[in-house]
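> coords below, sequence missing:
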């Protein structure tokens with residue numbers, strides 16, 4: 001049965017379509033390019049460039065996630081426009097490595113196209129969504145124009161214009177609000193879960209790129225397997241066996257429409273920023289780590305590797321705290337201690353740093369698992385609906401079907 005024939009689950013919840021998953025694959029190409037940019041220039045300047053580009057990319061991805069949640073791409077016209085949006089993200093990805101050099105204008109034009117397609121699609125989303133988009137679209141358009149202008153300039157003015165463009169996107173929801181969109185929790189949680197799986201998979205690409213076609217000797221294979229532990233454990237942190245996705249859905253479902261939108265913006269946009277930035281840092285460092293695994297790492301890649309893991313764990317703690325779906329203290333503690341692994345990589349070896357970081361993530365996982373078991377033992381009737389403070393919510397909702405990755409809503 002086609003997606004157009006079966007847009008919903010048996011419980012009326014819209015599923016993530018294969019076109020949305022295809023869109024996410026195209027979007028994560030930009031993460032690969034950001035990791036390449038940072039790997040090439042591991043300096044404060046390179047980090048600043050990554051932060052500015054990342055924010056604009058992530059902001060518009062969030063816009064498209066809200067769009068397809070509100071307006072599933074079942075009509076041919078919607079699909080064609082969404083494919084055009086994918087093409088614009090491809091332009092952005094190709095221009096990303098030199099966005100502050102000769103490709104600044106191309107990046108700005110790609111961003112303007114992304115913004116235009118997004119606004120055009122929302123015109124089909126009903127009068128409330130269209131009116132709200134009319135309030136937001138000027139901020140997006142002005143940001144794109146600022147980036148285009150920056151492409152013609154040199155020096156500090158370029159960074160000033162980019163920073164202003166980012167600031168406009170930050171201010172936009174504060175000025176316009178986030179009402180007017182009928183957010184569907186099950187689809188929203190599933191969509192971001194699928195994105196995180198793809199972003200975690202980018203670590204495997206980084207391993208292959210780091211090898212650069214070289215011989216897979218024993219030391220490289222051993223190092224690759226050790227590095228694999230990091231994304232594997234980070235996957236487990238996000239997609240554990242304690243029904244975290246269902247709890248996230250319930251946290252959104254129990255709120256009114258306006259508060260639900262605000263909660264979704266906080267949890268699935270802002271709290272995901274450190275997680276995704278952490279994965280970009282890890283990917284950029286992996287390329288340096290696997291080349292000489294038993295030698296001390298330089299300060300920049302060592303910091304990127306440990307800092308990436310710490311950022312990711314801090315983001316998980318923030319995510320838990322916003323939705324009240326799990327403990328925070330274990331991941332915050334591991335995040336803080338993880339920064340100490342910088343010295344291990346700097347003065348010992350890359351393998352040693354990877355090993356220490358793997359142990360820290362495993363320790364956080366074990367601690368969370370014990371916490372979940374204790375909650376289940378003390379209050380089994382709250383197993384799927386309790387927040388970390390023990391306050392009961394409504395009875396658990398039926399599980400959301402997952403098209404590509406059942407782990408997202410595993411019960």
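Looks like it arrived, so ask away. Since this is a predicted model, take the numbers as computed values, not measurements.
> check which helix or strand residue 235 maps to.
In this assignment (DSSP states H and E), residue 235 forms part of helix 218-238.
> helices or strands next to the next helix-or-strand element following that helix in the packing?
Sequence order places helix 244-253 as the next helix or strand after helix 218-238, per DSSP H and E. Counting contacts by 3 or more C-beta pairs under 8 Å, 6 or more residues apart in numbering; DSSP states H and E, helix 244-253 packs against helix 185-211, helix 257-265, helix 299-323. Every residue, glycine included, has its C-beta placed from N, CA and C.
> quick check: residue 33 vs residue 316, distance?
Separation of residue 33 from residue 316 (C-beta to C-beta, to the nearest Å) stands at 25 Å.
> rewinding a little: which of the helices and strands packed on helix 244-253 sits most buried?
helix 299-323 (a mean of 24; mean count of other C-beta atoms under 10 Å).
> what's the angle between that helix and helix 218-238?
Per axes from the mean of the first three to the mean of the last three C-alpha atoms, to 10 degrees, the angle that helix 299-323 makes with helix 218-238 is 20 degrees.
> buried ones in the helix or strand following helix 299-323?
The helix or strand immediately downstream of helix 299-323 is helix 329-338, counting by DSSP H and E. The neighbour-count check on helix 329-338 (16 or more other C-beta atoms under 10 Å) flags 330, 331, 332, 333, 334, 335, 337, 338 as buried.
> so for the residue sitting nearest the centre point of the chain, what's the pLDDT?
Nearest residue to the geometric centre of the chain (C-alpha atoms, centre = their mean): residue 276, 4.3 Å. pLDDT for residue 276: 96.
> mind checking how far it is from residue 160?
Taken as C-beta to C-beta, the span from residue 276 to residue 160 is 25 Å.
> closest one of the buried residues of helix 329-338 to residue 83?
Nearest to residue 83 among these is residue 331, at 37.8 Å by C-beta to C-beta.
> quick one: contacts for the closest one?
237, 313, 314, 316, 317, 320, 364, 368 (C-beta atoms under 8 Å, 6 or more residues apart in numbering).
> the same query, at a cut-off of 6 Å, please.
By C-beta atoms under 6 Å, 6 or more residues apart in numbering, the contact list for residue 331 reads 313, 316, 317, 364.
> ok so, going back, tabulate the helices and strands packed on helix 244-253 (TSV), appending distance to residue 23.
TSV is the format used below for those (distance: least, C-beta to C-beta, whole Å):
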stretch	distance to residue 23
helix 185-211	10
helix 257-265	19
helix 299-323	22
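> among the ones you listed, which is nearest residue 166?
Of the helices and strands packed on helix 244-253, the one closest to residue 166 (C-beta to C-beta) turns out to be helix 257-265, at 16.3 Å.
> for that closest one, what is the distance to the chain centroid?
How far helix 257-265 lies from its chain's middle: 18 Å, per C-alpha atoms, centre = their mean, to the nearest Å.
> and what of stretch 131-141?
23 Å.
> can you give me the buried ones in it?
Quick answer for stretch 131-141 (16+ other C-beta under 10 Å): 132, 133, 136, 137, 139, 140, 141.
> can you pull the contacts of the fifth one?
Under the criterion of C-beta under 6 Å, 6+ apart, the neighbours of residue 139 are 168, 172.
> could you list the domains of the chain?
18-176, 185-409 (automatic domain parsing).
> any low-confidence regions in the chain?
Along the chain, the parts satisfying pLDDT under 70 run over 1-14, 125-126, 129, 176-181, 204-217, 219-220, 241-242, 376, 378-411.
> cutoff 50 now
Residue ranges of the chain with pLDDT under 50: 1-12, 381-411.
> the longest helix seen in the chain vs helix 299-323, what angle?
Scanning the chain for the longest helix, with DSSP state H as the assignment, gives helix 350-378. Orientation note: helix 350-378 sits at an angle of 10 degrees relative to helix 299-323 (the same axes, to 10 degrees).
> kindly check the end-to-end length of stretch 228-247 for me.
For stretch 228-247, the first-to-last residue distance is 28 Å (C-alpha to C-alpha, to the nearest Å).
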